[in-house]
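S.K.: only geometry, no sequence info:
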């Protein structure tokens, strides 16, 4: 759309206003007619300042992965506005879109399916630089860039010679993060990046994301079904249910005083690691 | 160490439905021998839930497989014994195991979608279990199917029996699997991460269901990495790493005073929304190295003793 009038007061990194997305509902498709559309996201609003951390919480089917894809324009939304530094992403041409996608990177849930199994880790990690012709002249094969990126995510550079299946789940996920960092983005969209991991590998990924945010001012949209994890990582929280935002605001506030019944139900459902024999019997069944 | 009183009231303890003593299992493949269980000892009593807690690769699924006779061909039990419902099943072959599975021991796996046949209706799959183990046919099967689904609090059970697995939600599928596992009222049920793939609100319902069903007298071995599930559902627990049980005891005691550094490390790495200042501490690499070194030293001692 238009550039901000006053460059001294910078626009927020990302502004989402009334975002809506529908997909064809195959289950209701009839012969000889197009599948009817089903609303996946409806009227989603939020603002992500640079360096901020936003946790998106939702159960399966809430639209949280679709939100990650909409924010990176892998699934362009049909309604509402998506503003990047004040400019409307939905009206970007090809060149602007490439620039946008280098700035807002997506890290996928399952690194096993997101990393090419036939390529070595160093080639995977340096691929974004290769594609955009950003490899240094004395580093044609990207080995040096890859070693630096692996080091940033706490992996030994020797691991660059391995294939994804030769790594542990936590190491694979760090390769995914290293690749997302290759183009020095301003924001990461992390879609359930810790859900397949053990608690210690999970704690390492969280520490890494915290460090990236602190040292590089990286903004983070952390999508997860794990409220405890979101609590330990994010300043802002957005709770999605069936494609609708039920609660959005300051994390400390929402966890201390959840206003929406659904948020309370989510919080009440979490079994905290503290022995309590009567807990299950006290729970009401929905 | 593993006294069963405490948390959930002083219920008299019956003979264990599962007793594993000093179990050693190694995998022999391509000329290499890799120990995977190093002297595992644990017991599960009737009407009780015993948790086996650890991270991936620690050997917890191997214990579950050993207790159901499902160890891979390359795995060899070198020492120790497994007593299931007062029968020593350590060296049983597949044919004898088949007489136990379903009737004496059954299993609930993490992913109900792979546990169910995608091209058969729920009713037909449940009927197989009832025919195989109880010889039920015809109208008796229909009635029992309905009763089982009602027992797992399934909404609209008659409809579910006519459906295929993909038409059900994850929580409903897991209820079907639990109904099938409980169908023949086995003595022991092994649950391998039964709620890991479920949403928290659904997890709560499934945990409640397991809690309620255990009231009928089965023993449950709950294999999990989730210390929250252990704290809320289980009576006693064992912590496993590198195929060794590092600590056992009542859930109350282990959480109040974890004796082993690894147990403390797992607790420190578990996120908690109720403690805002709680920073997650990954399990220390030095600790893991030390545990691995201990495991290797253990293997050398075993080799000398053998």
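M.R.: Good, I have the coordinates. The structure presented is a predicted model; accordingly, all values stated were derived computationally and were not measured.

S.K.: where in the stretch 1-150 of chain B is pLDDT low?
M.R.: Low-confidence segments of the stretch 1-150 of chain B (pLDDT under 70): B:1-14.

S.K.: residue of it closest to chain A, please.
M.R.: residue B:55 (4.1 Å; CB to the nearest CB). Heads up, the C-betas are built off the backbone N, CA and C, glycines and all.

S.K.: neighbours of the nearest residue to that residue once chain neighbours are set aside, how many?
M.R.: In this structure, residue B:55 finds its nearest non-sequential neighbour in residue A:198, 4.1 Å apart by CB to CB, 6 or more residues apart in numbering or on different chains. Neighbours of residue A:198 under the rule other CB atoms under 10 Å in any protein chain shown: 22.

S.K.: please list the residues of chain A that sit near chain B.
M.R.: Residues of chain A lying near chain B by CB under 8 Å from any CB of the partner chain: A:59-60, A:169, A:198-204, A:206-207, A:225-232, A:252, A:255, A:265-267, A:269-277, A:279-281, A:283, A:285-286.

S.K.: list buried residues within the residues you listed.
M.R.: The neighbour-count test (16 or more other CB atoms under 10 Å in any protein chain shown) marks A:59, A:169, A:198-204, A:206-207, A:225-232, A:255, A:265-267, A:269-273, A:275, A:277, A:279-280, A:283 as buried among the residues of chain A next to chain B.

S.K.: show me what the host helix or strand of residue A:179 packs onto, helices and strands only.
M.R.: Using DSSP states H and E, residue A:179 maps to helix A:169-181. When contacts are defined as 3 or more CB pairs under 8 Å, 6 or more residues apart in numbering or on different chains; DSSP states H and E, helix A:169-181 packs onto strand A:104-107, helix A:111-114, helix A:121-131, helix A:143-152, strand A:187-191, helix A:199-216.

S.K.: tell me the strands beside the helix or strand following the last one, with direction?
M.R.: This means helix A:199-216. Following helix A:199-216 in sequence order, the next helix or strand is strand A:219-224 (DSSP H and E). The pairing partners recorded for strand A:219-224 under DSSP bridges are strand A:53-57 (parallel), strand A:187-191 (parallel).

S.K.: what angle do the first one and helix A:199-216 make?
M.R.: Taking axes from the mean of the first three to the mean of the last three CA atoms, to 10 degrees, one finds that strand A:53-57 is oriented at 140 degrees with respect to helix A:199-216.

S.K.: all the strands of the stretch 51-200 of chain B, in order from the start?
M.R.: For the stretch 51-200 of chain B, strands defined by DSSP state E, counting those that start in this stretch occupy the ranges B:75-84, B:87-88, B:105-108, B:188-192.

S.K.: the first one: how far from the chain's middle?
M.R.: If you compare the mean C-alpha spot of strand B:75-84 with that of the full chain, they lie 17 Å apart, counting by CA atoms, centre = their mean, to the nearest Å.

S.K.: what does it contact?
M.R.: B:16-28, B:36, B:39-41, B:62, B:66-67, B:71, B:88-91, B:100, B:104-105, B:187-188 (CB atoms under 8 Å, 6 or more residues apart in numbering or on different chains).

S.K.: so in that sheet, which strands flank it, and in what orientation?
M.R.: strand B:16-29 (antiparallel), strand B:87-88 (antiparallel).

S.K.: pull out the buried residues from that strand.
M.R.: B:75, B:77, B:79-80, B:82-84.

S.K.: could you do stretch B:92-111 as well?
M.R.: By neighbour count on 16+ other CB under 10 Å, the buried set for stretch B:92-111 is B:92, B:97, B:100-111.

S.K.: and which of those residues is nearest residue B:270?
M.R.: Closest to residue B:270 out of the buried residues of stretch B:92-111 is residue B:110 (19.0 Å), distances taken as CB to CB.

S.K.: ok so, going back, just the residues of chain A next to chain B: which are in helices?
M.R.: Within those, residues falling in helices by DSSP state H are A:169, A:199-204, A:206-207, A:227-232, A:252, A:255, A:265-267, A:269, A:279-281.

S.K.: against residue B:105, how distant is the residue nearest to residue B:55?
M.R.: According to CB to CB, to the nearest Å, residue A:198 stands 27 Å off from residue B:105.

S.K.: cool, and residue A:69?
M.R.: Distance, residue A:69 to residue B:105, using CB to CB: 44 Å.

S.K.: phi, psi for the residue nearest to residue B:55 please.
M.R.: Main-chain dihedrals, residue A:198, degrees, to the nearest 10: phi -70, psi 160.

S.K.: so what's it up against?
M.R.: Applying CB under 8 Å, 6+ apart, one finds that residue A:198 lies in contact with A:169-170, B:55-56, B:225.

S.K.: same thing but 10 Å
M.R.: Going by CB atoms under 10 Å, 6 or more residues apart in numbering or on different chains, residue A:198 touches A:168-170, A:204, B:54-58, B:225, B:266, B:269, B:282-283.

S.K.: who wins on neighbours among these?
M.R.: The residue in the contacts of residue A:198 with the most neighbours, by other CB under 10 Å, is residue B:54 (27 neighbours).

S.K.: which residue, neighbours along the chain excluded, lies closest to residue B:140?
M.R.: Nearest residue to residue B:140, sequence neighbours excluded (CB to CB, 6+ apart): residue B:130, at 8.0 Å.

S.K.: you'd agree that neighbour is up against residue B:148?
M.R.: Yes. With contact defined as CB atoms under 10 Å, residue B:130 reaches residue B:148; the gap is 8.5 Å.

S.K.: need the overlap of contacts for these two.
M.R.: B:180, B:183.

S.K.: helix or strand: which one has the spatially closest residue to residue B:54 that is not a sequence neighbour?
M.R.: Spatially, and ignoring its direct neighbours in sequence, residue B:54 is nearest to residue B:240 (4.0 Å; CB to CB, 6+ apart). Assessed by DSSP H and E, residue B:240 sits inside strand B:236-241.

S.K.: what comes up buried for whichever helix or strand comes after that strand?
M.R.: Downstream of strand B:236-241, the first helix or strand assigned by DSSP H and E is strand B:244-250. Within strand B:244-250, the residues scored as buried using 16+ other CB under 10 Å are B:244-250.

S.K.: now do residue B:91 against residue B:82, distance only.
M.R.: With the distance defined as CB to CB, residue B:91 ends up 9 Å from residue B:82.

S.K.: before we move on, back to that, how about the residue nearest to residue B:54, what does it touch?
M.R.: For residue B:240, the contact set (CB under 10 Å, 6+ apart) comprises B:37-38, B:40, B:42, B:52-55, B:58-60, B:62-63, B:223, B:246-248, B:262.

S.K.: buried set for stretch B:258-266?
M.R.: Buried-residue list, stretch B:258-266, by 16+ other CB under 10 Å: B:258, B:260-266.

S.K.: wait, I meant stretch A:165-184
M.R.: Neighbour-count burial for stretch A:165-184 [16+ other CB under 10 Å]: A:167, A:169-183.

S.K.: what about the longest helix in chain B?
M.R.: helix B:285-305.

S.K.: quick one: mean pLDDT over stretch B:240-252.
M.R.: When pLDDT is averaged over stretch B:240-252, the result is 96.

S.K.: what pairs with residue B:33 across the strands?
M.R.: Applying DSSP bridges, one finds that residue B:33 bridges with residue B:28.

S.K.: swap in residue B:107?
M.R.: In this entry, residue B:107 is beta-bridged to residue B:190, by DSSP bridges.

S.K.: ok, now how distant is it from residue B:222?
M.R.: The value you get for residue B:107 to residue B:222, if CB to CB is used, is 12 Å.

S.K.: which residues do those two both contact?
M.R.: Common neighbours of residue B:107 and residue B:222 (CB under 10 Å, 6+ apart) are B:64, B:189-192, B:194.

S.K.: nearest to chain A, of the residues you listed?
M.R.: Closest approach to chain A among the shared contacts of residue B:107 and residue B:222 (CB to the nearest CB): residue B:194, at 13.3 Å.

S.K.: near chain A, which residues of the stretch 51-200 of chain B?
M.R.: Within the stretch 51-200 of chain B, the positions near chain A by CB under 10 Å from any CB of the partner chain are B:54-58, B:153, B:167, B:169-171, B:195-200.

S.K.: right, I'll leave it there.
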